[in-house]
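Trainee: structure for the following, please:
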Amino acid sequence: MARQHARTLWYDRPKYVFMEFCVEDSTDVHVLIEDHRIVFSCKNADGVEFYNEIEFYAKVNCKDSQDKRSGRSITCFVRKWKEKVAWPRLTKEDIKPVWLSVDFDNWRDWEGDEEVELAQVDHYAELLEKVRTKRPPPAMDDLDDDSDSTDATST
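Mentor: Next up is the predicted model:
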C-alpha cells in the first residue's frame, strides 16, 4: 500500500511554529524534529501509512520542540531559532503542497502586537495623568434637595 501525506495545518507565533498532522486514531507515530526539517509518519486505524517531510522556512531549536498526540491529530510545537521573526510560510521552498494549509482558526497577525500594546500603555498613562491633574469635583452645596422633591410631587 502506498504512503499518503497527512493533511497538515500550521500557524505562526512569536516563539513557536505549530503544526497539526490530521490523522484520526493514529498508531506507530514517529516524529523527528531536526534543525531544518521535520519528518512525520504514522498509520491510521485502517492501516494506511502517512508520511510527511517538511524542510522548514528557517532554522528551529529541535531540543526545545515537542509533539502531543490526541485521538484526532498529532500537534507539534516547534521552537524558532530566532524568536519574534514572522514566517511567511512553513516550507523552505516557495511552493505550497496541496496537503499543507494555514490554520486560520488559530492564526493571528502578531507582528504589530507590540506597537498596539505600547499604544494602549501610552493611552492608559494619559488617562492616569488626567485623573491626577483633574481639579476636585464641584461642590454640591448649591443643590436644594427640597426643590427636586416638591417639583416631582407637584406634577
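Trainee: for the host helix or strand of residue 19, packing partners?
Mentor: Secondary structure from DSSP states H and E places residue 19 in strand 16-22. Strand 16-22 is packed against strand 7-12, strand 37-43, strand 49-55, strand 74-80, with contacts defined by 3 or more C-beta pairs under 8 Å, 6 or more residues apart in numbering; DSSP states H and E. C-beta coordinates here come from the backbone N, C-alpha and C atoms, glycine included.
Trainee: save those as CSV, and put in mean pLDDT, mean neighbour count and distance to residue 142 too.
Mentor: Putting the helices and strands packed on strand 16-22 into CSV (pLDDT from 0 to 100; neighbours: other C-beta atoms under 10 Å; distance: least, C-beta to C-beta, whole Å) gives the following:
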stretch, mean pLDDT, mean neighbour count, distance to residue 142
strand 7-12, 96, 20, 61
strand 37-43, 97, 19, 75
strand 49-55, 97, 17, 75
strand 74-80, 96, 19, 65
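Trainee: CSV please, covering those strands and showing distance to residue 108.
Mentor: Below are the helices and strands packed on strand 16-22 laid out as CSV (distance: least, C-beta to C-beta, whole Å):
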stretch, distance to residue 108
strand 7-12, 8
strand 37-43, 22
strand 49-55, 21
strand 74-80, 15
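Trainee: the ones you listed: which one's closest to residue 90?
Mentor: strand 7-12 (4.7 Å; C-beta to C-beta).
Trainee: ok, residue 77 to residue 27 distance?
Mentor: Going from residue 77 to residue 27 by C-beta to C-beta, to the nearest Å gives 22 Å.
Trainee: ugh, typo on my part, it should be residue 96
Mentor: In terms of C-beta to C-beta, residue 96 sits 29 Å off from residue 27.
Trainee: give the contact list for residue 73.
Mentor: By C-beta atoms under 8 Å, 6 or more residues apart in numbering, residue 73 lies in contact with 20, 21, 22, 23, 24, 26.
Trainee: do I have it right that the second one meets residue 69?
Mentor: No. Taking contact to mean C-beta atoms under 8 Å, the distance of 9.6 Å between residue 21 and residue 69 leaves them out of contact.
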